[in-house]
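**Student:** Got a predicted structure here, sequence first:
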Amino acid sequence: MITSRRMAAVDANAEALGVPRKQLMESSGNAIARVVRGLVDPGASVALVCGRGNNGGDALVAARFLQEYETAVHLLGRPETITTQIARENWGALVASELEAAVVQDSRAFEPGDPDLVVDAILGTGVTGALREPERSVVELLGDLEAPVLSVDVPTGIDPDTGDRLGGTDGVAIDADHVVTFHDRKPGLGSLDAEVTVADIGIPRAAELFTGPGDLLQLDRRPDSHKGENGEVLVVGGGPYTGAPTLAAAAALRAGADLVRVACPEVVAREVQAFSPDLIVRPFPGETLASPHVDRILELAAAHDAVVFGPGLGDTEAALDAVREFLEQFEGNAVIDADALRVVPAVDTDATLVCTPHQGELRAMGGPSAEDWESRADLAADYAAELDHILLVKGKYDVVTDGESVRVNRTGNPGMTVGGTGDVLAGAVGALLAVLPPFEAAAVGAFANGRAGDIAHDDMGNGLVATDLIDRLPEALRTDE
Ligand SMILES: NC(=O)C1=CN([C@@H]2O[C@H](COP(=O)(O)OP(=O)(O)OC[C@H]3O[C@@H](n4cnc5c(N)ncnc54)[C@H](O)[C@@H]3O)[C@@H](O)[C@H]2O)[C@H](O)CC1
Ligand SMILES: [K+]
């Protein structure tokens, strides 16, 4: 099962792997034609009703594969208003090939005749809200025809993710007899009374398994968002080390958080503040985190969208006891890194945790290890299920798993073995955890951190340092390439 949002991400990842969308559209069109051939015999009349997006584009391709039929393409709108380049090119190919194609600017001009089969390629996963005109009226007119309907990807008028009729009780939708859906079943198809064919369109498994630029698409911000809405992050750490919490906090800011506060011992707080005026410090007395501070930390944590717990905390008994007490009472979202990790397996918590161990830290938690990444991914998934938390196991191939799904990240390079890159990752994941579901936050964080490292490596080679990554996080997170 795949949501529209994830489908768009996988699509973009396939493109980045060298399988362009136009090629996928060709496969989609071919798949539609295959299903048509199973439904009606050559010579039958097939009305292909096409919207102006890629759903319509799929059927424009199908027309080329169905030349042994009496096809008639009906484009809903002027050709100049086709929304994508690839669909427009396929329209051009139809016209140049002199295949029958009509432009329907107004539903009154829609003359489907009496076809043996209707192909509904009006709207697919790109639909938003109730149907507008002329789509709405055309859908109503199609409801009056006798012919069976084959919907492309999803019946027009149905929410692909929920199966609900768009526009509520006033909404209109195609009552499909058959659906040919691409790559994987859409959740909204489950509740329909239609025969569903899932067509493989050649999207490599890697486009789904490996993180890619498509994973960043979910970060697109609402243009009207205001301060605080894009995440407030609390970093809890420091003690024996001051650099670690500073790096994590600075990374969280560069990964898009609106406000980042650092709760750390007083002595550390001065240095954190000296490093950057962008950071807000919330010092606690003493030289290390300890039980008496836990109430205050809980209170602070409750006022943030995500917490990054662990950078530079050290492994004193006092600090680890405090981590345990915090987790027993905390119910929010947290990234757990470094020494704090070892507390996780034995603690009973209602919090949602993203744990970011490298393989050594994973073993120290009592977790599994394996040589090759594929076995490591399987074992990590089992262990995440046992912990009931999300794991991001760092390595050449980072493994992200919530116990059920697995995503693997391949960005990054050997220059990143330098100290502090783990703190940058924890901070970046913290910022993303404030705005994304935890599994996605871990996957996107791993991708962006490695990509920032790759950009830094282009400039610095193996001389790159952790702060170089922080500077490059914004570029690594950009979607507008
Ligand atoms: N990887 C794949 O699965 C592939 C799928 N393909 C097909 O592409 C569509 C999705 O295409 P997209 O262009 O993103 O969107 P649509 O065609 O569904 O619609 C966009 C189009 O419709 C307009 N619009 C949106 N909402 C409404 C509305 N409520 N009323 C009227 N008009 C609306 C919008 O303005 C756009 O113009 C997917 O389903 C597959 O069929 C690709 O072929 C490649 C790979
Ligand atoms: K459709």
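**Tutor:** Okay, I see it. Ligands and ions are numbered 1, 2, ... in the order given.

**Student:** What about residue 405, how many residues nearby?
**Tutor:** Each residue near residue 405 was counted by other CB atoms under 10 Å, and the total is 15. Yep, even glycine has a C-beta here, placed from its N, CA and C like the rest.

**Student:** Okay, it and residue 5: tell me how far apart.
**Tutor:** Distance, residue 405 to residue 5, using CB to CB, to the nearest Å: 14 Å.

**Student:** cool, residue 152 as well?
**Tutor:** Distance, residue 152 to residue 5, using CB to CB: 19 Å.

**Student:** try residue 235
**Tutor:** Taken as CB to CB, the span from residue 235 to residue 5 is 29 Å.

**Student:** who's more crowded, residue 152 and residue 5?
**Tutor:** The neighbour comparison of residue 152 against residue 5 (other CB under 10 Å) goes to residue 152, with 33 against 14.

**Student:** wouldn't that one be in contact with residue 125 here?
**Tutor:** No - shown here, residue 152 and residue 125 do not form a contact pair, counting by CB atoms under 8 Å, at 10.5 Å.

**Student:** got any residues that touch both of the two?
**Tutor:** Both residue 152 and residue 125 are contacted by residue 55, under the criterion CB atoms under 8 Å, 6 or more residues apart in numbering.

**Student:** just checking, what packs against the helix or strand hosting residue 474?
**Tutor:** Assigned by DSSP states H and E, residue 474 belongs to helix 466-476. Taking 3 or more CB pairs under 8 Å, 6 or more residues apart in numbering; DSSP states H and E as contact, the helices and strands that helix 466-476 lies on are helix 243-254, helix 421-433, helix 438-460.

**Student:** now those helices in CSV, with mean neighbour count?
**Tutor:** Shown next, in CSV, are these (neighbours: other CB atoms under 10 Å):
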stretch, mean neighbour count
helix 243-254, 30
helix 421-433, 31
helix 438-460, 24
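
**Student:** residues touching residue 345, list them.
**Tutor:** By CB under 8 Å, 6+ apart, the residues touching residue 345 are 365-366, 387.

**Student:** at 6 Å what do you get?
**Tutor:** Shown in contact with residue 345 (CB atoms under 6 Å, 6 or more residues apart in numbering): 365-366.

**Student:** Now stretch 200-218: buried residues?
**Tutor:** 201-203, 207-218 (16 or more other CB atoms under 10 Å).

**Student:** For it, which outside residues touch it?
**Tutor:** For stretch 200-218, the external contacting residues (CB under 6 Å, 6+ apart) are 9-10, 12-14, 16-17, 24, 27-28, 182-183, 407-410, 443-444, 447, 479.

**Student:** at 7 Å what do you get?
**Tutor:** By CB atoms under 7 Å, 6 or more residues apart in numbering, the residues outside stretch 200-218 that reach it are 5, 8-14, 16-17, 19, 24, 27-28, 31, 182-183, 407-410, 436, 440, 443-444, 446-447, 477, 479, 481.

**Student:** Any quick PyMOL command for the buried ones out of those residues?
**Tutor:** Those of the contacts of stretch 200-218 that count as buried under 16+ other CB under 10 Å are selected in PyMOL with:
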select buried, resi 8+9+10+11+12+13+14+19+24+27+28+31+182+183+407+408+409+410+436+440+443+444+446+447+477
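
**Student:** Take the contacts of stretch 200-218 and keep only those in strands.
**Tutor:** 182, 407-409 (DSSP state E).

**Student:** would you turn those residues into a markdown table with pLDDT and distance to ligand 2?
**Tutor:** Listed next are the ones in strands among the contacts of stretch 200-218 as a markdown table, based on pLDDT from 0 to 100; distance: CB to the ion, whole Å:
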| residue | pLDDT | distance to ligand 2 |
| --- | --- | --- |
| 182 | 98 | 11 |
| 407 | 98 | 29 |
| 408 | 98 | 33 |
| 409 | 98 | 34 |
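
**Student:** and which of those is nearest residue 469?
**Tutor:** Residue 469 lies nearest to residue 409 out of the ones in strands among the contacts of stretch 200-218, by CB to CB, at 14.4 Å.

**Student:** Show me the beta-bridge partners of the closest one.
**Tutor:** Counting by DSSP bridges, residue 409 forms beta bridges with residue 398.

**Student:** dump the residue contacts of it.
**Tutor:** 211, 397-398, 400, 443, 446-447, 450.

**Student:** ok, now residue 236?
**Tutor:** With contact set as CB under 7 Å, 6+ apart, residue 236 has these partners: 263, 297, 307, 309.

**Student:** Report pLDDT for the second one.
**Tutor:** Reported pLDDT at residue 297 in the predicted model: 98.

**Student:** What is the burial count for it?
**Tutor:** The number of residues near residue 297, taken as other CB under 10 Å, comes to 23.

**Student:** Name the residues of the stretch 1-150 of the chain found near ligand 2, please.
**Tutor:** Neighbours of ligand 2 within the stretch 1-150 of the chain, by CB under 5 Å from the ion: 120, 124.

**Student:** pLDDT weak spots in the stretch 1-150 of the chain?
**Tutor:** Scanning the stretch 1-150 of the chain for pLDDT under 70 picks out no residues.

**Student:** Would you map the strands across it?
**Tutor:** Assigned by DSSP state E, counting those that start in this stretch, the strands in the stretch 1-150 of the chain fall at 45-50, 70-76, 101-104, 117-121, 149-152.

**Student:** and these, which is most packed in?
**Tutor:** strand 149-152 (a mean of 29; mean count of other CB atoms under 10 Å).

**Student:** got the contact list for it?
**Tutor:** Applying CB under 7 Å, 6+ apart, the contact partners of strand 149-152 are 32, 35-36, 39, 55, 58-59, 117-121, 124, 142, 174-180.

**Student:** Just list the residues touching the residue in the chain sticking out farthest from the centre, thanks.
**Tutor:** Farthest-out residue of the chain from its mean C-alpha position, per CA atoms, centre = their mean: residue 43, at 43.6 Å. Contact analysis of residue 43 by CB under 7 Å, 6+ apart lists 69-70.

**Student:** next one: phi and psi at it?
**Tutor:** Main-chain torsions, residue 43, degrees, to the nearest 10: phi 100, psi -20.

**Student:** Quick check: the gap between it and residue 68.
**Tutor:** Counting by CB to CB - residue 43 and residue 68 are separated by 7 Å.

**Student:** what's the answer for residue 448, then?
**Tutor:** The gap separating residue 448 from residue 68 is 50 Å, by CB to CB.

**Student:** go on, residue 116?
**Tutor:** From residue 116 to residue 68 the distance is 13 Å (CB to CB).

**Student:** who has more neighbours, the two?
**Tutor:** Applying other CB under 10 Å to residue 116 and residue 68 shows that residue 116 carries more neighbours, namely 17 against 12.

**Student:** so what's that one closest to, chain neighbours aside?
**Tutor:** Leaving aside its sequence neighbours, residue 116 sits nearest to residue 44 (CB to CB, 6 or more residues apart in numbering; 4.1 Å).

**Student:** So what's the residue count around the one you found?
**Tutor:** Count around residue 44 with other CB under 10 Å applied: 18.

**Student:** ok, so what distance separates it from ligand 2?
**Tutor:** Note on residue 44: its distance to ligand 2, by CB to the ion, to the nearest Å, is 20 Å.
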